[in-house]
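In: Have a look at this prediction, sequence included:
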Amino acid sequence: MTDIGLGRSRVDRDRLLRLLQDYGVHLGVAVLLLVNIAFTPHFLSAENFRTQAVQVAPVLIVALGMALAIGSEGVDLSVGSVMALSTSLLSLYLGYGMWIALIVAVLGGVAVGVANGALVAFIGVQPIVATLALMVAGRGLALVLLPQLKDVRDPTMASLGSGDVLGVPYLVLIAAALALLVAFVVRRTTFGRQLLAIGDSRPAAKLAGLPVRRVLILVYVCSGALAAIAGVLATARLTASDPTSLGTLMELSAITAVVVGGTPLSGGRVRVGGTVAGAVLIQLLTATLIKHDLPPSWTQIAQAVVIILAVYAARERGRR
Amino acid sequence: MPALPVRSAEVLSVAGLSKTFPGVRALDGVDFTARAGEVHALIGENGAGKSTLIKVLTGVYRPDPPTAAGTGVLTYDGSEVEFATPLEAQHAGISTIYQEVNLVPLMSVARNLFLGREPRGRLGLIDFRRMHREADTALRGLGMRVDVRRPLRELGVGAQQMVALARAVSVEARVVIMDEPTSSLEPREVATLFGVIRMLRERGIAVIYVSHRLDELYEVCDTVTVLRDGKAVHTGPIAALDQLRLVSLMLGREIGDVREEGLTKFSGGHDAEAEPVLRAAELTVRHLLRSVSLTVRPGEVVGLGGLLGSGRSETAKAIAGALPPDSGRVVVAGVPVRTGSTPAAIRAGVSLLPEDRKAEGIVPGLSVRENIALAALPGLSRFGLVDEARVDRVVDTFMKRLHIKASGPHQKVGELSGGNQQKVLLARWLAMNPKVLLLDEPTRGIDVGAKAEVQKLIDELAGDGLGVLLISSDMEELIEGSDRVVVLKDGAVVEELGGDAVTEDRLLRAIAAAPAAPTHSPSAAPSDSPDARDAPGDDQAPGDDHD
């Protein structure tokens, strides 16, 4: 619709708001970087950047899958438990060789994704409920397979966790490659287009003859596989499998990254770049507060403020 | 037919009532009076203002401020009133039973009956024993036997409706408003309902009865008010009007002075001898369709005529696989199509332009380009990757051919005008090279210019050999646009008009004619009991033919 009849200031305000919604998260990252460069000692060092990037990589990978789920007007709460499941499977199968263990761990995530997708697509369970069930079941299964913490003494795994290429850690490279892959899938594939259509208007997508069930199952399979990869990478970095604590509250961090990155919870849109920035923003926020010796509780409060800001901006858009 | 009693006391009335929404005048100077002991039918087509009038009477909407003395005010029981909320209207004694039951599904039948006015014992606690006893008595009074302790949702929709009715009757109501009460009832339940309505009449309660089933009105109503385009065009005893007159009042068409429209109709280049491209046989959907059969030949535009709720949209949806039929067959170009599957129907070459364009047609947040390419995407892809160049070509072709006005292919469809949205949907289907187009109200809510363009396009498409099934509430469009018209009533085909018989006069007569079969679904076994009939919610109509 045109803006005829609206005051000029109103139009400007709308445009500003839209810019802020689309690029606010990048702006936030830039501001935090500048603040830290100015006020945090030793912030501007390659070592520090490496540490930050390695820490954010697993969260980012999980958030990519979450962005797909949210884009389809769903959500995946089982991602943290999938990480735990994948670390358990990895430990159990490491004796057969690293690659076999990796494949089994990712297949575990795929299996959880199939279960989530089937519950959502065929039985019509609300995504939040279906994935909640798998969140509980997944963690339980992980603990049955591996009841306690176990060291991972595999040299290849260790180098996956701490190695680098020209100073860029493997973890960061893998996360970046996956982000590019997901962006490509969303933009260039039939699956990506169908996912967005289903997320925006399920009845219309159905009447247009889209394979709604197949797409939904694939969405949760992607999310499960990505979470499993994140679990493997986290295990490699820690050189230990700890199904009790690995990935706890990861679903919330991932949702936060996605939402702060400007992907609306109402579906129909997936912003991969925004999700990357959202994950980085939260990582930087946490790091900033820790480096300035503020207690962890402050981090949580700061995160809450960021979430509320992001949701407020999204709400303004929804009303127009 | 009940003899009309001496005009009894006015209970609820409005005079010169108007209600304006931004851009729409929903009610325009309506006079309406409900009298004690009188069953007053309120009828009209989609958008006539029935729902708005009811909502004003029940305090959901506030009427426009009066323009002159004595206009736009509600008179209830002899004095002027203003209902600020639905609750105030309820407390004053106006009960409403909506089409969709709005009770609390998880609570027991008895609790639903007494919600908000539970009998209290000592300490102010609910006296369950008394509540259950009284609930049982109230329902028995309506000929219903059911364990009142069961949760409401375990009952069938019909039974739930009876509970809603019992609730309306048991509060000391003076006016009972029923909005399409029979749409989900079995014949036996309808008989019970009519019994209750007669009982209400004898008790001196004013009943306002909204229904699309004309036969029912004659059975149970005394007076009728016909609304059209927000105006009350007729009020009087229903016995004085025959169905033909009623239909022509609703549609705003006079019988007798109907022009011969046959000369100007679309020049479909169809061959009357050609094999039908679409053959639907005996499509039956519980409560909605009864054995609907029709054929469409290549190059032919077949209109679906009938009133609101006659099953036109449902017929289209059943053919397109969006509404799974209980029985019946769909054959496209000689090949049977699996029913109940949209992808199967689309693969066979059937495309549906749905009535609810915004909710079921467009994907508002996606661009014009993505919307046009949506259905054809698999064919425009290779190994799951979209061939952008081919998409661009297709989108460009159709945006030009259909004159889609947008700032560009990347504008969001939600931002376009209704006419352009409709063209985008047409483009989506034409990109699939369909054999049959099912068009459900293709020109509703779009401006005059776009309307003419869409009509011309339909003509062209038929000229290219497509089979078109056209649903339209616009009589002129239907008559002028169709080669043949299949007339539906209460979910069944009552007549088929072809050639010179496609005239308004004939169409009105067909709609008003007595139905070919019993009013209600024959698929219902007579042994069905109202209390444990079916799984809750399984017969909710897709609701797109109701306003």
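Out: Great, that's in hand.
In: neighbours of residue 205, just the number please.
Out: Looking at chain A here, since you left the chain open. 24 (other Cβ atoms under 10 Å in any protein chain shown). Glycine gets a C-beta too; all of them are placed from N, C-alpha and C.
In: hm, I was asking about chain B
Out: Neighbours of residue B:205 using other Cβ under 10 Å come to 24.
In: And for the one 5 residues further on?
Out: Residue crowding around residue B:210 was assessed by other Cβ under 10 Å; the count is 21.
In: quick one: residue B:28 from residue B:13, how far?
Out: 17 Å (Cβ to Cβ, to the nearest Å).
In: One more: residue A:41?
Out: 82 Å.
In: Identify the residues contacting the residue in the stretch 101-250 of chain A positioned nearest to chain B.
Out: Closest contact between the stretch 101-250 of chain A and chain B, by Cβ to the nearest Cβ, is at residue A:209 (3.8 Å). Residue A:209 sits next to B:342, B:343, B:345, B:346, B:347, B:375 when contact means Cβ atoms under 8 Å, 6 or more residues apart in numbering or on different chains.
In: Try it again at 6 Å.
Out: B:342, B:343, B:346, B:375 (Cβ atoms under 6 Å, 6 or more residues apart in numbering or on different chains).
In: next one: residue B:18
Out: Here residue B:18 is in contact with B:27, B:28, B:29, B:64 (criterion: Cβ under 6 Å, 6+ apart).
In: Just the buried ones from those?
Out: Buried subset of those (neighbour count, 16 or more other Cβ atoms under 10 Å in any protein chain shown): B:27, B:28, B:64.
In: Tell me the one of the residues you listed nearest chain A?
Out: For the buried ones among the contacts of residue B:18, the nearest to chain A is residue B:64 (23.2 Å; Cβ to the nearest Cβ).
In: Any chance of the backbone angles for the closest one?
Out: For residue B:64, the backbone dihedrals (degrees, to the nearest 10) come out as phi -60, psi 150.
In: buried set for the host helix or strand of residue B:13?
Out: Counting by DSSP states H and E, the element that carries residue B:13 is strand B:10-21. Residues of strand B:10-21 classed as buried under the neighbour-count rule (16+ other Cβ under 10 Å) are B:10, B:11, B:12, B:13, B:14, B:15, B:16, B:17, B:18, B:19.
In: Specify which member of those is nearest to residue B:86.
Out: Using Cβ to Cβ, residue B:12 comes nearest to residue B:86 of those, at 14.6 Å.
In: Show me what the closest one is bridged to.
Out: residue B:34, residue B:76 (DSSP bridges).
In: from what I can see it touches residue B:34, true?
Out: Yes: Residue B:12 lies in contact with residue B:34 (Cβ atoms under 6 Å); the separation is 4.5 Å.
In: For the two, list the residues in contact with both.
Out: Contacts common to residue B:12 and residue B:34, judged by Cβ under 6 Å, 6+ apart, are residue B:175.
In: got the contact list for residue B:54?
Out: Residue B:54 touches residue B:177, counting by Cβ under 6 Å, 6+ apart.
In: list the buried ones in stretch A:30-44?
Out: Buried-residue list, stretch A:30-44, by 16+ other Cβ under 10 Å: A:32, A:36, A:43.
In: pull the CA atoms of the helix or strand of chain B with the lowest mean pLDDT into PDB?
Out: None of the helices or strands of chain B scores lower by mean pLDDT, DSSP states H and E than helix B:157-170, at a mean of 79. Extracted in PDB, the C-alpha atoms of helix B:157-170 (Å, rounded to 0.1, in the frame of the first residue of the first chain):
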ATOM      1  CA  VAL B 157     -21.400 -31.300  17.700                       C
ATOM      2  CA  GLY B 158     -25.200 -31.700  17.400                       C
ATOM      3  CA  ALA B 159     -25.500 -32.600  21.000                       C
ATOM      4  CA  GLN B 160     -23.300 -29.800  22.000                       C
ATOM      5  CA  GLN B 161     -25.600 -27.500  20.100                       C
ATOM      6  CA  MET B 162     -28.500 -28.900  22.100                       C
ATOM      7  CA  VAL B 163     -26.600 -28.100  25.300                       C
ATOM      8  CA  ALA B 164     -26.100 -24.600  24.200                       C
ATOM      9  CA  LEU B 165     -29.800 -24.400  23.400                       C
ATOM     10  CA  ALA B 166     -30.700 -25.800  26.900                       C
ATOM     11  CA  ARG B 167     -28.500 -23.200  28.400                       C
ATOM     12  CA  ALA B 168     -30.100 -20.400  26.400                       C
ATOM     13  CA  VAL B 169     -33.600 -21.600  27.400                       C
ATOM     14  CA  SER B 170     -32.800 -22.200  31.100                       C
END
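In: Tell me how far that helix lies from the chain's centre.
Out: 22 Å (Cα atoms, centre = their mean, to the nearest Å).
In: How about stretch A:14-33?
Out: 20 Å.
In: and what of stretch A:195-212?
Out: 24 Å.
In: Stretch B:131-145 now?
Out: Per Cα atoms, centre = their mean, the centroid offset for stretch B:131-145 relative to its chain is 32 Å.
In: How about that stretch, which residues are buried there?
Out: B:131, B:132, B:134, B:135, B:136, B:138, B:139, B:142, B:144.
In: which outside residues touch that stretch?
Out: Under Cβ under 6 Å, 6+ apart, the answer for stretch B:131-145 is B:110, B:113, B:114, B:118, B:119, B:148, B:162, B:166, B:170, B:192, B:196, B:530.
In: helices and strands of chain A: which one has the lowest mean pLDDT?
Out: Across helices and strands of chain A (mean pLDDT, DSSP H and E), lowest is helix A:296-319: a mean of 74.
In: What are the buried residues along that one?
Out: Taking 16+ other Cβ under 10 Å as the criterion, helix A:296-319 shows A:299, A:302, A:303, A:306, A:307, A:310, A:313, A:314 as buried.
In: Then stretch A:192-206?
Out: Buried-residue list, stretch A:192-206, by 16+ other Cβ under 10 Å: A:192-202, A:204-206.
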